[in-house]
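Asker: what's the 3D shape of this:
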Amino acid sequence: MLKECDPGRRAMRKSLTILFSIVALGVTIAAQTQTYTREGLDYALDLPSPSWHAVSRVDLHEHADFINGNDSSNGYLRLRKKFVTPNSSIAELFRQDEKWELQRLPGYVVCSDGKGTDFNGHLRGTVFSYEFVSKGTNMDGRIYYLQLDNRTFYVLHFTVTSDRLHSVRDQMDAIARSFRLK
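Answerer: Below you'll find the predicted structure:
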């Protein structure tokens with residue numbers, strides 16, 4: 001004859017199962033995160049999954065950009081260090097980028113009336129969002145202005161197709177939160 005389990009015992013077993021599942025998920029996520037840095041860089045950041053990888057971009061200097069998967073439309077990160085006049089505001093930086101770069105994008109629309117959202121990670125900053133069209137595809141952009149001091153900002157500029165933004169937005173936030181100086 002089968003015996004009915006004690007309800008308290010059943011609840012404890014369920015709680016332990018949930019706890020072990022959460023711990024296993026945390027270990028899996030931590031195992032997928034990879035720290036990116038290299039000789040000559042003054043920063044490091046964590047890439048949240050193996051699909052994010054560095055690609056070399058050369059203009060006057062060699063830069064590391066980052067792509068999610070094999071297609072930049074799945075997520076693309078361009079990172080740069082920006083020196084400004086002392087005590088420039090983050091809103092002024094965004095307006096400058098908007099004027100010289102963003103407004104030239106086809107179908108450019110700024111989100112939230114151009115008001116950024118405060119952002120905290122290893123460095124404090126503000127994130128701005130916008131939309132545009134590239135080769136007939138709706139795209140979203142997120143620019144994280146992370147302040148080092150009153151003259152220095154790091155700018156993390158992400159773009160992704162609009163239909164994929166929801167699935168990678170948390171990854172963008174995680175990368176920006178993990179950005180730190182060595």
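
Asker: Next SSE downstream of the helix or strand containing Arg169?
Answerer: Assigned by DSSP states H and E, Arg169 falls within helix 162-178. Moving toward the C-terminus from helix 162-178, the next helix or strand (DSSP H and E) is strand 180-181.

Asker: Can you tell me the strand partners of that next one and which way each runs?
Answerer: strand 43-47 (antiparallel) (DSSP bridges).

Asker: mean confidence for the strand it pairs with?
Answerer: Averaging pLDDT along strand 43-47 gives 96.

Asker: what's the helix or strand for Lys99?
Answerer: Short version, using DSSP H and E: Lys99 is in helix 90-100.

Asker: and the helix or strand just after that helix, what does it pack onto?
Answerer: Once the chain leaves helix 90-100, the next helix or strand it forms, by DSSP H and E, is strand 109-110. Helices and strands touching strand 109-110, by 3 or more Cβ pairs under 8 Å, 6 or more residues apart in numbering; DSSP states H and E, are strand 124-134. Using the backbone N, CA and C atoms, a C-beta is placed for each residue, glycine as well.

Asker: Could I get the CA-only coordinates of the strand it packs on as PDB?
Answerer: Output in PDB follows, covering the C-alpha atoms of strand 124-134 (Å, rounded to 0.1, in the frame of the first residue of the first chain):
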ATOM      1  CA  ARG A 124      27.600  55.600 -13.700                       C
ATOM      2  CA  GLY A 125      26.000  57.000 -16.800                       C
ATOM      3  CA  THR A 126      22.900  57.400 -19.000                       C
ATOM      4  CA  VAL A 127      21.400  55.400 -21.800                       C
ATOM      5  CA  PHE A 128      19.600  56.800 -24.800                       C
ATOM      6  CA  SER A 129      17.400  54.900 -27.300                       C
ATOM      7  CA  TYR A 130      16.500  55.500 -30.900                       C
ATOM      8  CA  GLU A 131      15.100  53.800 -34.000                       C
ATOM      9  CA  PHE A 132      16.200  53.900 -37.600                       C
ATOM     10  CA  VAL A 133      16.000  51.900 -40.900                       C
ATOM     11  CA  SER A 134      18.900  50.100 -42.500                       C
END
